[in-house]
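**Student:** 3D, please:
(chains A and B)
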Amino acid sequence: MVTADMAISAARDPRSVAETVTDPELPALTLADLGVLRDVRVHEGTVVVDITPTYSGCPAMGVMRADLLHALHSAGFDDVEVRTVLSPAWSTDWISEEGRRKLATAGIAPPGKAPVRTAGPVPLQLGPSRRTAACPLCGSPDTEELSEFGATACKALRRCRSCREPFEHVKEI
Amino acid sequence: MHEETVYDALTNAHDDAGHWAFGTGFDDPLAGVDTTVPDGVDPADLGAYCLMLGDDALVLAQRLTQWITAAPELEEEVAIGNTGLDLLGQARLLLARAGSVGVLGRSRSRATESIPDEDALAYFRDADEFRSTGLVEAENGDFGQTMVRLFVASTVRLAVFARLRDSRDPVLAAIAAKGVHELAYHRDHAARWVLRLGDGTPESHRRAQAGVDAVWPHLADLFTATDVESRLAAGGVAVDPADVRAEVRDVLTTVLERATLRVPEWPADAPPRGRTGEHGPERTGLLEGLQGLAREHPAATW
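**Tutor:** Numbers count the residues shown, from 1 in each chain, chains lettered A, B, ... in the order given. Okay, the predicted model is just below:
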C-alpha cells in the first residue's frame, strides 16, 4: 500500500527512517533511543544498518531486523542489509537521555549507571540488591525490589512503598 | 513503521517462507559479523572449543527449562526462565561460531538444508558429539541443589568468560564480553539463594548442604584442559581451565562459608570426561527431551 506519507518518506535519508523504528518489547522507545541501532550508512547503493542485541538471548532481534527492513523498504529503499554488531557489548548506559525520559513517561523506571566492568575477576554482590529506583508514578525514592527478573530479560520488578504501586525497572547491566 | 504484533512483523518479513518450527527461525545470529579465523588458529580447534562452551550453555538452559511450571514461586520461575534464555542466547552464538568454521560433525548430514547451523548442531548431534561437562548435565535435584549447581556453573563460566574478553578470536571475545554482564547477574542471584537457604531454616540448610555434596564431585574434571584447550590457550584464543581454579575456589568458599554450609574437600583433578565426549545416561535422557520433537518432525514449519 503506497500512501502520501511513504512518498514523502522516500525522499528522507535512511537514517531518519531507521530511527523511527520502535522496540518490539518497549514500544515507547525507538531502537535508536535504546542504543540498539548502532549505525546507518549507504554503501554502494545498499543501505547498511548495524544493530546490537541487548541480551545474548534477546528474542526480539529477528523482529527488530524485520521491522527495520519493512520500514526502509516502505520508505523506498529496496536494497537494505541489517547487520549484527556484537562489540562493544550493549549495556544500559547506551540508552539515551531521551530514551530514559520516555521510559519514565511509560511508567518504567530507567536504569541507573551500569556497574563498571574492569578486567579481572567480577566481584560478588551478595547484598539483597544493589539497585535503587525512584517510583516512576509518584516519584518517591522509597521503593523495594519484588523480583530481580521481570517479564522481559531487561527488566526487574519493584514496588513503591509510598503509593504501593508495582512498577518495572530496566535493570542496570 | 511499527507492527501491531510480533507476528505481523514476522509475516511481513517472511511472506514466502514458513518458520522452522523448533529452532530460532531467524537469520544468522552472526550476520554481518566478520567471522574470519585469526592467523595461526586451527579452525577445527576453534570450532571444537565453541562447542564446549556452547554445549554447556545449551544443556544448562535445558535443565533450567525443566523448572518451568514447577518453580517454588512465580518470581523464581521468571528468574529461572530468563537465566535459561540468556544461556540459550550464548549457546546460539557459540554454536553459530562453530558452524561458521565448519565444525558440524554428523549433524549437517542429518538436518535438512533449511535449518541453520546452530540448530542443526543443537538438534541433530548425538550424545557422544556433545562436549558439555557433567556439572551441567546432572539432574536438577530439588530447588536447593538446582541453585547450588547454577551458582557453581555460573561462577566457573564467569571466570572463563572474563578472561575470554581478551581472546585473539574477536568473535569469541565479543560473545564473552556480552556474556560477562549476564553471568554476573546469574551468579549473584544464585549465590543469594545459597545464602538464604544455607542460613535459613534447618530444613533449607539440610537441603542446601545436600545440594553442595551432590554437586561437588562434578568439580573434579572441570579444571583439566583438553588438548584443544591447551593448544588454543597457548595461542591466546582460549582459557586454560586450570587458570580459573583458584578464583572459582575462592568464590565458592566465600559464599558457602557465609551461608554456614560445610565446604567439602576439594576433589582431586580428573581427566576431562564430558569435554571429550564421554557421558553418562543423564545426557542421553536430557537430549531426548531437547531433540525428540525436532527429530520426529524434521523441517516442520509453522
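**Student:** and residue 48, what pLDDT?
**Tutor:** Since no chain was named, I'll use chain A. A:Val48 is assigned a pLDDT of 95 by the prediction.
**Student:** meant chain B, my bad for not saying
**Tutor:** At B:Ala48 the predicted local distance difference test score is 97.
**Student:** and for it, the neighbour number?
**Tutor:** Number of residues near B:Ala48 (other Cβ atoms under 10 Å in any protein chain shown) recorded here: 23. Quick note: C-beta positions are derived from backbone N, CA and C, even for glycine.
**Student:** which residue is nearest the middle of chain A?
**Tutor:** The residue lying closest to the centre of chain A (Cα atoms, centre = their mean) is A:Leu34, at 3.0 Å.
**Student:** near chain A, which residues of the stretch 201-302 of chain B?
**Tutor:** Counting by Cβ under 8 Å from any Cβ of the partner chain, the residues of the stretch 201-302 of chain B lying close to chain A are B:Glu247, B:Val251, B:Thr254, B:Val255, B:Arg258.
**Student:** any chance of CSV for those residues, columns neighbour count, pLDDT and secondary structure?
**Tutor:** Formatted as CSV, the entries for those read as follows, by neighbours: other Cβ atoms under 10 Å in any protein chain shown; pLDDT from 0 to 100; DSSP: H, G, I helix; E, B strand; the rest coil:
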residue, neighbour count, pLDDT, secondary structure
B:Glu247, 19, 97, helix
B:Val251, 24, 97, helix
B:Thr254, 14, 97, helix
B:Val255, 25, 97, helix
B:Arg258, 15, 97, helix
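**Student:** and the furthest pair within those?
**Tutor:** Of all pairs drawn from those, the one with the largest separation by Cβ to Cβ is B:Glu247 and B:Arg258; the distance is 17.1 Å.
**Student:** domain ranges for chain A?
**Tutor:** When chain A is parsed with the TED database, its domains come out as A:14-84, A:107-112+A:133-172.
**Student:** now tabulate these in JSON lines and tack on distance to chain B.
**Tutor:** Rendered in JSON lines, the data for the domains of chain A read as follows (distance: least, Cβ to the nearest Cβ, whole Å):
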{"stretch": "domain A:14-84", "distance to chain B": "2"}
{"stretch": "domain A:107-112+A:133-172", "distance to chain B": "4"}
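**Student:** between those, which gets nearest to B:Gly32?
**Tutor:** domain A:14-84 (2.4 Å).
**Student:** that closest one spans what distance, first to last residue?
**Tutor:** 18 Å (Cα to Cα, to the nearest Å).
**Student:** go on, stretch B:57-75?
**Tutor:** Start to finish, the residues bounding stretch B:57-75 are 22 Å apart (Cα to Cα).
**Student:** say whether chain A is contacted by it.
**Tutor:** Yes. Judged by Cβ under 8 Å from any Cβ, stretch B:57-75 comes into contact with chain A at B:Glu75.
**Student:** any idea which helix or strand carries A:Asp78?
**Tutor:** Element membership of A:Asp78, judged by DSSP states H and E, is empty: it is in no helix or strand.
**Student:** buried set for stretch B:204-214?
**Tutor:** Of the residues in stretch B:204-214, those buried by neighbour count under the rule 16 or more other Cβ atoms under 10 Å in any protein chain shown are B:Ser204, B:His205, B:Arg207, B:Ala208, B:Gln209, B:Gly211, B:Val212, B:Ala214.
**Student:** pLDDT on it, on average?
**Tutor:** Mean predicted lDDT for stretch B:204-214 stands at 98.
**Student:** how much space separates the most centrally placed residue in chain B from B:Arg157?
**Tutor:** With distances taken as Cα atoms, centre = their mean, chain B has B:Ala57 as the residue nearest its mean C-alpha position (0.8 Å). Remark: distance between B:Ala57 and B:Arg157 (Cβ to Cβ, to the nearest Å) = 8 Å.
**Student:** then B:Gly134?
**Tutor:** Noted for B:Gly134: a distance of 15 Å to B:Arg157, by Cβ to Cβ.
**Student:** number of nearby residues for residue 98?
**Tutor:** No chain specified, so I'll use chain A. Taking other Cβ under 10 Å as the criterion, the count of residues near A:Glu98 is 12.
**Student:** wait, I meant chain B there
**Tutor:** Counted with other Cβ under 10 Å, the neighbours of B:Ala98 add up to 27.
**Student:** how much space between it and chain A?
**Tutor:** 15 Å (Cβ to the nearest Cβ, to the nearest Å).
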